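1. The sequence and its predicted three-dimensional model are supplied below.
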2 protein chains.
Amino acid sequence: MSRVCVQSFSVSLDGFGTGEGLSREAPFGHAGERLHEWMFATQWGGDMFGRSRGSAGIDDALLRLFSPGIGVEIMGAGKFGYPGWHEDPDWKGWWGPNPPFHTPVLVLTHHLRPSIEMEGGTTFHFSDAAPAQVVAEARRLAGDQDIRLGGGASMIRDYVRAGLVDHMHIVVVPILLGRGVRLWDGLERIEQDYTIESVTAPSGVTHLMFARKQ
Amino acid sequence: MSRVCVQSFSVSLDGFGTGEGLSREAPFGHAGERLHEWMFATQWGGDMFGRSRGSAGIDDALLRLFSPGIGVEIMGAGKFGYPGWHEDPDWKGWWGPNPPFHTPVLVLTHHLRPSIEMEGGTTFHFSDAAPAQVVAEARRLAGDQDIRLGGGASMIRDYVRAGLVDHMHIVVVPILLGRGVRLWDGLERIEQDYTIESVTAPSGVTHLMFARKQ
C-alpha cells in the first residue's frame, strides 16, 4: 500500500516550522527565508527556485526524493496561501501557473471551492474532511504511488497524532525563531512508534528520518 | 580570561531539559533517565554512574571534557535538589559524600545557608546574586580555570540572555518529552552571537557546539 510521507520539512532548533506574522508579503512571517536557505544552497533548490546552482551533497541528495514515487500531496490551508486567501476568488497558490507538484494536491480548508487545474499536471482540490478520510481520498488519487504531506506544522502534527504517517524526514536548522507554529507539540513519546535516525550535513542542518515501526 | 561553558547538556528533540513532576524520587520527573541514557552507555558514564562500561566513541570523547580545565560549577537550585530541599537542613545534593565535581560549586538559591564542604574537593556555596555577580564570584574561585554552567535549563537561559556564556555543548536526544522545562525559550536569534556546529553520533544523539563569535 502507498506510504504517507513527510519530506524535507524544516524546523528551527526550537521546533518552529514557520514564523509569526504570516502575510502575503511574508509567507513565513518573521522567519523569512531562514528555514529554507539550506535548500536554496543546493543544486536541486537552485533549479527549483530559480537561483544559482548550489551544492550537490547530502542536502541535495535528500531533496531529490521530492518527486519520485509521489502521486499526490496533502497540504494545509496555511501552505496554500496567506491568511485570508479564501476571500480572494482568484488565488491559485504561491507557485505561479506551473506549480512544482505535477500531481493532484488536496488543500485542507473549511472554505471549499471548485478544483483548479494548473499547468504541468498539478490540480488543486479542496477538502474539509478528517485526516483518515483525506488520506483515503489521496490514496485513490495516487494510485499505487506514495502520498506527500506537505505541511505546515499543524497539519503534520494532526496526521501523526491520527497514526497516519509512515515516514517523516524533518530537517533541523540551527537557528532559534522564538515564536511561530511548533511542530512537536502534543507528540509526546512518538519515538515509541518510530525508528529515528539522524545525520548532520556539512551545511549545519540535521536530517532526521522517522520510520514507523512495523 | 576564563571561559563560561555549558557541557553535555541534554535536551529532547522538543527542547525540554527536564520533565514535569520533579520530586525526590523522580529527579527528572516524567523524563526519567531517557535524556541521559546516552551518557550511561559510554565508558565515562559507566564509570561515573557505577554502571557497566560502555562505548568509547564520540559521545564518550565529548563527555571526557567534563573535568579538565574546569575550576568551578554554577548550578541552579533545581539541579542541587528536589523541590523543597531548602526546608531540609541536612540536604547535601544528590551525589553522596564525594560528589563528582571536585571543585567549588555555586548553588543559586534564595534560601541561603552556610557552605558545605564535601569529600574529594567539592564545596557547595549558596548565592542569590544576579548572573553577572555570580560569574564574577565564580571567576575568583576558579583562578584562571574555566567555569561550568551545570544547568538546569532555566539558569542556562538566564546566563545566555545576560550575554555571559562563551561556549555551549548541547546534546539533542531524539525523544519527545512533550512537557517540562524548555531550554530554548526567549533565546530568539542567538545564532547571530554564536558559531554553531553539529555532529550526529552513532548513538543517535546530535551534539551541538555553540562558540561565541569574537
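-> Now that the structure is in, tell me what you want to look at.

2. since we're on the residue nearest to A:D144 when sequence neighbours are not counted, how many residues are nearby?
-> Leaving aside its chain neighbours, A:D144 sits nearest to A:S2 (6.0 Å; criterion: CB to CB, 6 or more residues apart in numbering or on different chains). (C-beta placed from N, C-alpha, C; glycine too.) By other CB atoms under 10 Å in any protein chain shown, the residues close to A:S2 number 18.

3. Also the one 3 residues further on?
-> The criterion is other CB under 10 Å. On that basis, A:C5 has 17 neighbouring residues.

4. tally of neighbours for the closest residue in space to A:D88 that isn't next to it in sequence?
-> Among residues not flanking A:D88 along the chain, A:G81 sits closest, at 7.7 Å (CB to CB, 6+ apart). Applying other CB under 10 Å, we find 19 other residues in the vicinity of A:G81.

5. Ramachandran coordinates for A:G81?
-> Dihedral pair for A:G81: phi -160, psi 180, per degrees, to the nearest 10.

6. All the strands of chain A, in order from the start?
-> Applying DSSP state E to chain A gives strands spanning A:4-12, A:16-18, A:70-76, A:104-108, A:116-117, A:123-127, A:146-149, A:167-173, A:181-182, A:194-200, A:206-212.

7. Of those, which stretch is the most buried?
-> strand A:16-18 (a mean of 27; mean count of other CB atoms under 10 Å in any protein chain shown).

8. Can you name the residues in contact with that one?
-> Contacts with strand A:16-18, where a contact means CB atoms under 8 Å, 6 or more residues apart in numbering or on different chains, come from A:9-11, A:28-29, A:31, A:35, A:78, A:151-153, A:156, A:177-183.

9. Might you report the residue contacts of A:A153?
-> A:F9, A:V11, A:F16, A:G17, A:T18, A:V181, A:R182, A:L183.

10. I meant to write A:G93 there.
-> A:G93 sits next to A:F80, A:G81, A:P99, A:M118, A:F124 when contact means CB under 8 Å, 6+ apart.

11. give me that answer again for 6 Å
-> A:F80, A:P99 (CB atoms under 6 Å, 6 or more residues apart in numbering or on different chains).

12. Name the nearest residue to the residue nearest to the spatial centre of chain A, sequence neighbours excluded.
-> By CA atoms, centre = their mean, chain A has its centre lying nearest to A:G150, at 2.6 Å. Distances taken as CB to CB, 6+ apart place A:M75 nearest to A:G150, at 3.7 Å, with adjacent residues excluded.

13. Enumerate the residues of chain A near chain B.
-> With CB under 6 Å from any CB of the partner chain as the criterion, chain A meets chain B at residues A:14-15, A:174-176, A:178, A:184, A:187-188, A:190-191, A:196, A:198-200, A:206.

14. Tell me the spacing between the closest residue to A:D60 other than its chain neighbours and A:T103.
-> Sequence neighbours aside, A:T42 is the residue nearest to A:D60 in space, at 3.8 Å (criterion: CB to CB, 6+ apart). A:T42 sits 22 Å away from A:T103, going by CB to CB, to the nearest Å.

15. When these two are compared, which one has more neighbours?
-> Taking other CB under 10 Å, A:T42 and A:T103 do not tie; A:T42 has more neighbours (26 against 20).

16. tell me the pLDDT at that one?
-> If you check A:T42, the pLDDT there is 96.

17. residues contacting the closest residue to A:L187 other than its chain neighbours?
-> Nearest non-adjacent residue to A:L187, counting by CB to CB, 6+ apart: B:L176, 5.0 Å away. Taking CB under 6 Å, 6+ apart, we find B:L176 in contact with A:W184, A:L187, A:E188, A:I190, B:L13, B:D14.

18. will you turn these into a markdown table that also has neighbour count, distance to A:D88 and pLDDT?
-> A markdown table is the format used below for the contacts of B:L176 (neighbours: other CB atoms under 10 Å in any protein chain shown; distance: CB to CB, whole Å; pLDDT from 0 to 100):
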| residue | neighbour count | distance to A:D88 | pLDDT |
| --- | --- | --- | --- |
| A:W184 | 25 | 32 | 97 |
| A:L187 | 18 | 33 | 96 |
| A:E188 | 17 | 38 | 96 |
| A:I190 | 21 | 36 | 95 |
| B:L13 | 25 | 37 | 97 |
| B:D14 | 24 | 35 | 97 |
